[in-house]
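*Asks:* What follows is a protein structure lacking sequence information:
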């Protein structure tokens, strides 16, 4: 597996129509050029040119319309949507953001039984429409229980919507805004669609200082008919959370795109800059920083690609994606911050310069762990899977690489959002047996020490209520599942043993860091501290392997890509 290079990527794994979309999108940005992208970012110019491109080329229509509501050739294909996510992140987060929010806005519509509004949505997408997801509120954030948006019945089939929503992307121009609220008389949950051009729709303000429009909006006795209602009761609740399941997956791919562009720019600069009569890339500490950045970035892509296979293969009887999906949102995005920090330590003050892509990357990479549920919220979700993952494996058919051109129909009928603790997984030892290398062997020992910790030093009642303690424990669990999918993906994509072993170099260090955190907790017991010390390990240093990775994979990218000026 390679990093995305827009000037050489052939998208051979996609069908002809999908390749055409990706290549035209790359051409749009390369023709626009870096100077124009940076100018629009600095001046906070609404990306009307990009949306015109999307409209003229039916991009969102082709990528986001189920076959039944398009021309028969459209589909929702997570594999190619990941490619599109990566491209948009590569060129600028605002362009990705309008796509991401459209995905969220479409979720409650495509999950709805309301056939008329689904047909209308297909037409609106064909016309170039974008969409919005009216969920969060100013005083409650995304706390659905506390929603104050109300729908009041005033006659049989006629309603009045009142209330405000906050931090809602695309809400200035959306063709439809999927809005979450409660029935005024019963507190029953409800999703309904509103138009941004209606006189009872008030666009209060843009709450961010950005190209993107992230709105506060208010509905004032907005008339809602029965045919505007998307779902009610448990179905509305489930469609809210299931939409986030679909949408938050994209955040990791945006991070991958951002980090990839930043990496090309960083290593290009460092390889040309001379200090103390040496190129910056000749310094040993710089090589270590860039190898770490590269392997972390490649691991992000390996993991997210494999998680896409599980998303596409999901069913009522295989819901493993509900672990891997929040990890793409939580783990991949936080690793993205690590990658940017490492590159920044190499390029130093260059990272602040207004003409660099990196200046945008350093700012925007921070947003992704904080959207669609914080890291802490997603970690609390992930912990629910830990017992079955480690101690109660099941048997599942082997999931292949899923780049086939099919519609991912299950994503729009995921069903009830409860019962996460009952979800089963295949034995993670299978993946850890695919490769044999020194650092992988050390990491396996760390995993077994963690399993012993969970069996013999299980957190007591007080620790189980201590979110800080559980977050560190969850980080250890996350690393095990992260490594599992990295290995599965590396096996599928033919990743070299050099790269794999170098990836587990940083995995061992990260595992040791979180084990030390648990050791240092005020409540940790003697047996817990002893087992934490067993988890703290040092990776095996192999200078020959490191040099091969540096020369053949990292330094080899110094002239690989530069955006058109």
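*Replies:* Perfect, I can see it now. Not measured: the values here are computed from a predicted model.
*Asks:* Please count neighbours and contacts with C-alpha atoms only from this point.
*Replies:* Noted.
*Asks:* So what's the residue count around residue 408?
*Replies:* By the criterion of other Cα atoms under 10 Å, residue 408 has 17 neighbours.
*Asks:* I meant residue 464, not that one.
*Replies:* Counted by other Cα under 10 Å, the residues lying close to residue 464 total 12.
*Asks:* For the nearest residue to it once chain neighbours are set aside, pull up the helix or strand it's in.
*Replies:* Among residues not flanking residue 464 along the chain, residue 470 sits closest, at 6.7 Å (Cα to Cα, 6 or more residues apart in numbering). Using DSSP states H and E, residue 470 sits in helix 467-493.
*Asks:* What helices and strands are in contact with whichever helix or strand comes after that helix?
*Replies:* Later in the chain than helix 467-493, the nearest helix or strand by DSSP H and E is helix 497-519. Applying 3 or more Cα pairs under 8 Å, 6 or more residues apart in numbering; DSSP states H and E, one finds that helix 497-519 contacts helix 284-312, helix 438-456, helix 467-493, helix 526-535, helix 543-549.
*Asks:* most tightly surrounded among these?
*Replies:* Greatest average neighbour count among the helices and strands packed on helix 497-519 goes to helix 284-312 (a mean of 22), per mean count of other Cα atoms under 10 Å.
*Asks:* where does that helix sit relative to the chain's centre, distance-wise?
*Replies:* Chain-centre distance of helix 284-312: 14 Å, with Cα atoms, centre = their mean, to the nearest Å.
*Asks:* next one: stretch 155-173
*Replies:* On Cα atoms, centre = their mean, the centre of stretch 155-173 falls 27 Å from the chain's centre.
*Asks:* mean confidence score for it?
*Replies:* Mean per-residue pLDDT for stretch 155-173: 95.
*Asks:* Not counting sequence-adjacent ones, nearest residue to residue 537?
*Replies:* Going by Cα to Cα, 6+ apart, residue 537 has residue 512 as its nearest residue, at 6.0 Å.
*Asks:* if I look at residue 320, how far off is residue 314?
*Replies:* Distance of residue 320 to residue 314, given as Cα to Cα, to the nearest Å: 7 Å.
*Asks:* The regular element (helix or strand) spanning residue 345 vs helix 284-312, what angle?
*Replies:* Residue 345 is part of helix 333-347, with elements assigned from DSSP H and E. Using axes from the mean of the first three to the mean of the last three Cα atoms, to 10 degrees, the direction of helix 333-347 lies 160 degrees away from that of helix 284-312.
*Asks:* Show residues contacting the very next helix or strand once past helix 333-347.
*Replies:* On the C-terminal side of helix 333-347, the closest following helix or strand by DSSP H and E is helix 357-364. Outside helix 357-364, the residues that touch it by Cα atoms under 8 Å, 6 or more residues apart in numbering are 34, 38, 92-93, 258-259, 261-262, 265-266, 340, 351-353.
*Asks:* so where is the chain shaky, pLDDT-wise?
*Replies:* Scanning the chain for pLDDT under 70 picks out the ranges 372-376.
*Asks:* Of all the residues in stretch 56-66, which ones are buried?
*Replies:* By 16 or more other Cα atoms under 10 Å, the buried positions in stretch 56-66 come out as 57, 58, 59, 60, 61, 62, 63, 64, 65, 66.
*Asks:* nope, stretch 195-208 is what I was after
*Replies:* Going by neighbour count (16+ other Cα under 10 Å), the buried part of stretch 195-208 is 195, 196, 200, 201, 202, 203, 206.
*Asks:* among those residues, which are in strands?
*Replies:* Counting by DSSP state E, the part of the buried residues of stretch 195-208 found in strands is 201, 202, 203, 206.
*Asks:* Same list, the buried residues of stretch 56-66, but as TSV with secondary structure please.
*Replies:* Listed next are these as TSV, based on DSSP: H, G, I helix; E, B strand; the rest coil:
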residue	secondary structure
57	coil
58	coil
59	helix
60	helix
61	helix
62	helix
63	helix
64	helix
65	coil
66	coil
